[in-house]
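Undergrad: coords below, sequence missing:
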């Protein structure tokens, strides 16, 4: 399969994707201590408008919760996400 077939090229395709998406795992999310950075305030905004955010930080090994949600690791998971934009195993979220 050609990866380029999956690219969204217009606003209608993007709108359709967002209408179907409810859960987003955010790889590289920042903590509240970095609230002024896009890697925090974009997922924060998405949460306020109704998306479920699964935080997957990369550089914050001591973080346990971000945006009020349990932090997850990159280990194999059983939980499905609709879209993707390190500390708790995703298998623990059921």
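TA: That came in fine, so what should we check first? Note that the coordinates shown come from a computational prediction; the quantities given were computed from them, not determined experimentally. Numbers count the residues shown, from 1 in each chain.

Undergrad: Am I right that residue 46 is in a helix?
TA: Yes - under DSSP: H, G, I helix; E, B strand; the rest coil, residue 46 sits within a helix.

Undergrad: so it makes contact with residue 25?
TA: No - with contact defined as Cβ atoms under 8 Å, residue 46 and residue 25 do not form a contacting pair (11.6 Å). C-beta coordinates here come from the backbone N, C-alpha and C atoms, glycine included.

Undergrad: Those two: who's more crowded?
TA: Taking neighbours as other Cβ atoms under 10 Å, residue 46 and residue 25 compare with residue 25 leading, 21 against 18.

Undergrad: If we ignore the residues flanking it in sequence, what's nearest the more buried one?
TA: In this structure, residue 25 finds its nearest non-sequential neighbour in residue 54, 4.2 Å apart by Cβ to Cβ, 6 or more residues apart in numbering.

Undergrad: Run through the neighbouring helices and strands of the helix or strand harbouring the one you found.
TA: Secondary structure from DSSP states H and E places residue 54 in strand 52-56. In this structure, strand 52-56 packs against strand 23-27, helix 38-48, strand 69-70, with contacts taken as 3 or more Cβ pairs under 8 Å, 6 or more residues apart in numbering; DSSP states H and E.

Undergrad: pLDDT score for the residue nearest to residue 25?
TA: At residue 54, the predicted lDDT confidence score is 97.

Undergrad: For the closest residue to residue 60 other than its chain neighbours, give me phi and psi.
TA: Nearest residue to residue 60 in three dimensions, chain neighbours excluded: residue 31, at 5.3 Å (Cβ to Cβ, 6+ apart). Note on residue 31: backbone dihedrals following degrees, to the nearest 10 are phi -90, psi 170.

Undergrad: Please apply the same query to residue 18.
TA: phi -70, psi -30.

Undergrad: Next one: it from residue 51, what distance?
TA: Residue 18 sits 9 Å away from residue 51, taking Cβ to Cβ, to the nearest Å as the criterion.
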